[in-house]
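> model the structure of this input:
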Amino acid sequence: MRTIAFWLSLGLVFTIPWEAVVEYPALGSVTRLIGFAVAAFWVLTVAVTDRIRKPAPFQLAVSLFVVWNAISVMWSANADRTTEHLVTWAQLLILTFIVWDLYTTRAAMLAGLQMYILGAYVALGNTLVNFFSGRTFYYERFSAAGTNPDDLGSVLALGISVAWYLAASKRTQKWPQLLKWVNYAYIPAALMGIALSGTRTALIAAIPGVVFGLTSLSRLRLSVRVAIFLLLILAVVNLLPLIPQASLQRLGTTGNELTSGDLNGRVHLWTQGLVSFVERPLLGIGSNMYRSVNTEGKVAHNSFISVLVELGLIGLILFGIILAMVVIQAWHQPRWDRLFWLSILAAWAVAASTLTWEYRKPTWLFLSFVIASSALASQRAEGVQLVRRNEPDVQFNREPRLSNHPDEQEQRSLA
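Residues are numbered from 1 along each chain as shown. I've put the predicted structure just below:
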């Protein structure tokens, strides 16, 4: 049953980048429906097998943060709106537990990351369909159906680091060679999608991924580096003429907008929210209530200000503790994984600075992946120590052999 639950979770990860493309009236997005199915089956699996991985401090901190969101209904000006939002928070909390419980091997982690890239291709494909059909989202900007261009651009930017990591990583099992080049091809395709979306935030968020990719080239043979270089040059030459001039002009204003602009009206939006924070600094105004404290009736377009205003200093501290845990866990991983996860977190931080992403699935998916990856790194380190302690004559240049038996792997990963 755990194997089935894992494969269902891969389906969920696959839909996250394009969750708004397919929606059903009164039911919601396809991701929401699959999420309910995965959560129900996972809970059933835990109940039948009577086995669940012992929660880490991260899951406990997220649980406390979600509880604080729930408590805020007591002082929310619109209890119904806050209560409806709690359904989303409950889903995200379960997602963190599912990832922690099921992604207990490196192969599982790589599979989850690969499904994110394949899902991002779906979002890219739908964006291209809209582009060639002339269907703009607004202001001559293109996106996947039902997806804000800013969200699309950030989702694609997060995938750049992932694609580099998957393409350059040494697999623990045999994977089709085609997937490596699918991942490399994603990089120019994602940059093309970001350009079509006209999202300046995503352009900046893509920088950590590109930098990480350049550092990863040292892991590859010279012939592969040359092939990648030629692929990227060929992609730029063929894709650049397709990008609308309006998108290029908008992206060209990124520097001026950062230094002297109002970030497309966001500064005024943040100022109104901070005025409300001064009035209720400790508890905030209630989860999902930012729209009620600004004249535009909009969300914060900044995850950190959103948490501060809606949940007060207490909520921001809880959120900060969660993020601090993730950064620390990313930092203490082996160098290759550390660089990867820090590039992901940097890209996310850029996106979260102009988007209300504290309750979005990509946020909690990647935060959970960092924690799960850290646990795997700790298990590998403990395995090395055990081998050296029990076999003092072992050569240090030999990698310790850990059992590959499924039952033993599962016993090591479950508490």
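
> where do the strands of the protein begin and end?
Assigned by DSSP state E, the strands in the chain fall at 23-24, 28-29.

> want to throw the ones you listed into JSON lines with mean neighbour count?
C-betas here are computed from N, CA, C, even on glycine. Converted to JSON lines, the strands of the chain look like this (neighbours: other CB atoms under 10 Å):
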{"stretch": "strand 23-24", "mean neighbour count": "12"}
{"stretch": "strand 28-29", "mean neighbour count": "17"}
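
> among those strands, which is nearest Val267?
Nearest to Val267, of all those, is strand 28-29, at 31.2 Å by CB to CB.

> off-centre distance for the closest one?
In terms of CA atoms, centre = their mean, to the nearest Å, the centre of strand 28-29 is found 19 Å from the chain centre.

> for the residue nearest to Ile321 when sequence neighbours are not counted, grab the count of nearby residues.
Leaving aside its chain neighbours, Ile321 sits nearest to Ala61 (5.6 Å; criterion: CB to CB, 6 or more residues apart in numbering). Neighbour count for Ala61, taken as other CB atoms under 10 Å: 20.

> start at 549 instead
Taking 549 as the first residue, the last one we looked at is Ala609.

> isn't Ala609 right up against Gly868?
No - using CB atoms under 8 Å, Ala609 is not in contact with Gly868, being 10.2 Å away.

> roughly how far does Phe589 sit from Gly821?
39 Å (CB to CB, to the nearest Å).

> compare the two and say which is more crowded by neighbours.
Gly821 (23 against 16).

> which residues are in contact with the residue lying closest to the more buried one once chain neighbours are set aside?
The spatially closest residue to Gly821, leaving aside those adjacent along the chain, is Val857, at 4.4 Å (CB to CB, 6+ apart). Neighbour list for Val857: 821-822, 824-825, 832-833, 838, 841, 848 [criterion: CB atoms under 8 Å, 6 or more residues apart in numbering].

> in the stretch 649-798 of the chain, mark out all the helices, start to finish.
Assigned by DSSP state H, counting those that start in this stretch, the stretch 649-798 of the chain shows helices spanning 654-681, 697-716, 725-745, 748-764, 770-787, 793-800.

> adding mean pLDDT, write the strands of the chain out as CSV.
Formatted as CSV, the strands of the chain follow (pLDDT from 0 to 100):
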stretch, mean pLDDT
strand 571-572, 74
strand 576-577, 75
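
> out of those strands, which comes closest to Arg599?
Closest of the strands of the chain to Arg599 is strand 576-577, at 30.8 Å (criterion: CB to CB).

> quick revisit: and the pLDDT at the residue nearest to Ile869?
pLDDT recorded at Ala609 is 97.

> what's the answer for Ile665, then?
The model's pLDDT for Ile665 equals 97.

> burial measure for it, as a count.
A count of neighbours around Ile665, defined by other CB under 10 Å, yields 23.

> picking up where we left off before, just say which of the helices of the stretch 649-798 of the chain is most tucked in.
helix 697-716 (a mean of 27; mean count of other CB atoms under 10 Å).

> counting contacts, what elements does that one pack onto?
helix 654-681, helix 725-745, helix 748-764, helix 883-900, helix 909-938 (3 or more CB pairs under 8 Å, 6 or more residues apart in numbering; DSSP states H and E).

> among these, which is nearest Val578?
When those are compared by CB to CB, helix 654-681 sits nearest Val578, at 10.7 Å.

> as a markdown table, the helices of the stretch 649-798 of the chain with distance to Ala585 would be great.
Formatted as a markdown table, the helices of the stretch 649-798 of the chain follow (distance: least, CB to CB, whole Å):
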| stretch | distance to Ala585 |
| --- | --- |
| helix 654-681 | 16 |
| helix 697-716 | 22 |
| helix 725-745 | 26 |
| helix 748-764 | 31 |
| helix 770-787 | 37 |
| helix 793-800 | 38 |
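
> so which of the ones you listed is nearest Ala618?
Closest to Ala618 of the helices of the stretch 649-798 of the chain, according to CB to CB: helix 697-716, at 25.5 Å.

> pull the CA atoms of that closest one into PDB?
Extracted C-alpha coordinates of helix 697-716, given in PDB (Å, rounded to 0.1, in the frame of the first residue of the first chain):
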ATOM      1  CA  PRO A 697       1.700  35.100 -15.400                       C
ATOM      2  CA  ASP A 698       3.600  36.000 -12.200                       C
ATOM      3  CA  ASP A 699       2.800  32.600 -10.700                       C
ATOM      4  CA  LEU A 700       3.700  30.800 -13.900                       C
ATOM      5  CA  GLY A 701       7.000  32.600 -14.200                       C
ATOM      6  CA  SER A 702       8.000  31.700 -10.600                       C
ATOM      7  CA  VAL A 703       6.900  28.100 -11.000                       C
ATOM      8  CA  LEU A 704       9.200  27.800 -14.000                       C
ATOM      9  CA  ALA A 705      12.000  29.700 -12.300                       C
ATOM     10  CA  LEU A 706      12.000  27.100  -9.400                       C
ATOM     11  CA  GLY A 707      12.300  24.400 -12.000                       C
ATOM     12  CA  ILE A 708      15.600  25.700 -13.400                       C
ATOM     13  CA  SER A 709      17.600  24.500 -10.500                       C
ATOM     14  CA  VAL A 710      15.700  21.300 -10.400                       C
ATOM     15  CA  ALA A 711      16.400  20.500 -14.000                       C
ATOM     16  CA  TRP A 712      20.100  21.200 -13.600                       C
ATOM     17  CA  TYR A 713      20.300  19.000 -10.500                       C
ATOM     18  CA  LEU A 714      18.500  16.100 -12.200                       C
ATOM     19  CA  ALA A 715      20.500  16.300 -15.300                       C
ATOM     20  CA  ALA A 716      23.900  16.400 -13.500                       C
END
